[in-house]
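Participant: Any chance you could fold what I've pasted below:
(one chain, ligands or ions: 1)
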Amino acid sequence: MLYYTNIVSLWSTITNIVYIIYVSILSDCYCSVDLTCMSLLETNTPSSSSSSSSSNQYQMISHGQLDKSSGPVQAMAERVSERHPSQVTGDRIYLDYNATTPLEPAVIQAVSEALREAWGNPSSNYIAGAKAKALISKARDDVATMVGGKAEDIVFTSGGTEANNLVFHSVLENFKRSSTAGDQSSTAGDQSSTAGDQSSGGPSGETQNRNPGRPHIIISNVEHDSVKLVAENLQKTGQAEVTCVAVSMVTGRVEVEDLLVAVRPNTCLVSIMLANNETGVIMPIRELCQRVNDVNKQRRHPRILFHTDAAQALGKIHVDVADLGVDYLTIVGHKFYAPRIGALYVRGPGSGTPLYPMFFGGGQERNFRPGTENTPMIAGLGKAAELVTANLHDYENHMRTTRLYLEQRLKEVFGEEKVRFSSHFPGSETLPNTCNFSILGPHLRGRKVLSCCKTLLASVGAACHSDLGDRPSHILLSCGVSPEVAANALRLSVGRATSRADVDAVVEDLRNTVRLLES
Ligand SMILES: Cc1ncc(COP(=O)(O)O)c(C=O)c1O
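Facilitator: Numbers count the residues shown, from 1 in each chain. Have a look, this model is predicted:
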């Protein structure tokens, strides 16, 4: 796991360096092309579009060129799009905001200022260090406020993958330490010198083996790979037993009774995402947490810790750790217009909730995640969090209205019989921005349709599965979507600046593409 996370960390550093170059070029010119869009553009450029030269494909346009024709929603889009110079790439329209988001201009500014003015080592006892330290402290406050937690409960990480790995690592380490008879004294001494005050996050001083057997972990069958593959690896290597609870084929959610049936005497972790990246379904985390806490009240050991990966929910719906009742919550910057960095919320790290470091080093982040802090990216994360706290209502309303308009246009253009939505589940709430749909027909496989589109940039599912060929998404199949419908699925996710004109252009593009493929 250490090797894996080092790779993740290295990769994050590389992407952050690319971002820095990108940011410093863009912050002055205020019109841009998102790097992710560019790579999508390259792979998505249809052979039939040879008439447009590659320089045209990468042409930058200002937002003055957007259609400004209609109503209050359009006004909101215009206002927001002023702040999103990178959402439109040449003649393409990016509707893949669940894969990643461009940086908000205010975030670019925060990152740039930190690069220029807070370059000092945050641990240094002079002005340059103090500046960096103050920025990090402010960002920690802002990230905590966004999720309704305390600043001391936030640990910065390289991203969501590392945060998720850190949870599994910590819970297993805690189980192991609690299980080892008479290791209390060495554990406390060992930990207090390395990571915060771990004494109350570890064993309570009893000498009997409190956690017989191997730890048992519960996840759902629609988790992101950064949870799923961690759990699979722990099972494969004999370090843990894992139960994968199936979501309901009716609601697309993990249902409370299904989770409770899976609990065993040795269950020590439940990890269920807050919102699914492909269907947009919001899981009933509050209810699940409450019921797991009821189980905790009825038994002493092991305590079942609850983790939710909130990567897709933050910046789209209200997220409050106290309301949810979770012990851990994963925060992923690049899903809410921040740079590629993340954080983990831990309710009382090392004291109320176990947290054991995966890395060892210079003592930063109270030793829970040592390594000289990435001040500019942390500053960017803080600024993006501040924007979410201030504007969530507007963001959410705009995305919902735009997504509903998209669904309405799809039904009007293709007819209700020809379009199936895999982001509509009876009784389930879904993310405001996510529209997963299939246009029915033998020649209309999702990848094929996307590869022929001249305007739309979107995906058929999770970006990290984009090399899986034509196989339908296992997430959709798990939610009860038929293989034929899943094979044609397109995941469109709108952003803060997506306008009605964008939707109209994308639907027209789809109409032309379907005509072409069916002719
Ligand atoms: C639900 C979910 N969890 C975790 C991640 C991984 O986050 P990161 O890319 O920061 O490692 C993603 C990113 O796609 C995600 O969608």
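Participant: contacts for stretch 361-369?
Facilitator: Stretch 361-369 is contacted from outside by 122-123, 155-157, 166, 194-196, 346, 349-350, 355, 357-359, 370-373, using C-beta atoms under 8 Å, 6 or more residues apart in numbering. No exception for glycine: its C-beta is placed from N, CA and C like everyone else's.
Participant: you'd agree residue 230 is up against residue 168?
Facilitator: Yes. With contact defined as C-beta atoms under 8 Å, residue 230 reaches residue 168; the gap is 4.9 Å.
Participant: follow-up on the earlier one: tell me, which of the contacts of stretch 361-369 make contact with the ligand?
Facilitator: Near the ligand, judged by C-beta under 6 Å from any ligand atom, there are no entries from the contacts of stretch 361-369.
Participant: Would you agree residue 231 is in contact with residue 271?
Facilitator: Yes. The pair residue 231 / residue 271 is scored as a contact, 7.4 Å apart, by C-beta under 8 Å.
Participant: Neighbour count for these two, which is higher?
Facilitator: The neighbour comparison of residue 231 against residue 271 (other C-beta atoms under 10 Å) goes to residue 271, with 25 against 21.
Participant: Within the helices and strands, which one has the nearest residue to the more buried one once chain neighbours are set aside?
Facilitator: Nearest-residue entry for residue 271: residue 307, 4.3 Å, with adjacent residues in sequence omitted and distances by C-beta to C-beta, 6 or more residues apart in numbering. Assigned by DSSP states H and E, residue 307 belongs to strand 305-309.
Participant: following that strand, which helix or strand comes up?
Facilitator: Of the helices and strands lying after strand 305-309 in sequence (DSSP H and E), the nearest is helix 321-324.
Participant: Phi and psi next, for the residue nearest to residue 303 when sequence neighbours are not counted.
Facilitator: Distance criterion C-beta to C-beta, 6+ apart; nearest residue to residue 303, sequence neighbours excluded, is residue 296 at 5.5 Å. Torsion angles at residue 296 (phi, psi; degrees, to the nearest 10) stand at phi -60, psi -40.
Participant: Am I right that residue 501 falls within a strand?
Facilitator: No. Counting by DSSP: H, G, I helix; E, B strand; the rest coil, residue 501 is not found in a strand; it is helix.
Participant: which neighbours do residue 231 and residue 271 share?
Facilitator: Taking C-beta under 8 Å, 6+ apart as the contact rule, residue 231 and residue 271 both touch 168, 217, 219, 223.
Participant: Scan these and report the most crowded one.
Facilitator: For the shared contacts of residue 231 and residue 271, the largest neighbour count, defined by other C-beta under 10 Å, is 29 neighbours, found at residue 217.
Participant: per-residue confidence for that one?
Facilitator: Residue 217 is assigned a pLDDT of 98 by the prediction.
Participant: go on, residue 471?
Facilitator: Reading off the model, residue 471 has pLDDT 84.
Participant: roughly how far apart are the nearest residue to residue 411 once chain neighbours are set aside and the ligand?
Facilitator: In space, and not counting its chain neighbours, residue 411 is closest to residue 419: 5.9 Å by C-beta to C-beta, 6+ apart. Here the criterion is C-beta to the nearest ligand atom, to the nearest Å. By it, residue 419 lies 25 Å from the ligand.
Participant: Could you identify the helix or strand that succeeds the helix or strand where residue 233 lies?
Facilitator: For residue 233, the host element (DSSP H and E) is helix 225-236. Moving toward the C-terminus from helix 225-236, the next helix or strand (DSSP H and E) is strand 241-245.
Participant: low-scoring stretches of the stretch 201-350 of the chain, by residue?
Facilitator: Across the stretch 201-350 of the chain, the ranges flagged by pLDDT under 70 are 201-212.
Participant: The ligand contacts on that one?
Facilitator: By C-beta under 6 Å from any ligand atom, the residues of the stretch 201-350 of the chain that approach the ligand are 224, 226, 273, 277, 309, 311, 312, 332, 342.
Participant: Please give me every residue in contact with the last one.
Facilitator: Counting by C-beta under 8 Å, 6+ apart, residue 342 makes contact with 156, 157, 158, 159, 160, 162, 163, 330, 331, 332, 333, 381.
Participant: per-residue confidence for the third one?
Facilitator: Residue 158 is assigned a predicted lDDT (pLDDT) of 98.
Participant: Can you tell me the centre-most residue of the chain?
Facilitator: Centroid-nearest residue in the chain: residue 311, 2.4 Å away (criterion: C-alpha atoms, centre = their mean).
Participant: now stretch 375-382, how far from the centre of its chain.
Facilitator: Here stretch 375-382 is found 17 Å from its chain centre; the criterion is C-alpha atoms, centre = their mean, to the nearest Å.
Participant: make that stretch 308-327, sorry
Facilitator: The chain centre lies 11 Å from the centre of stretch 308-327; the measure is C-alpha atoms, centre = their mean.
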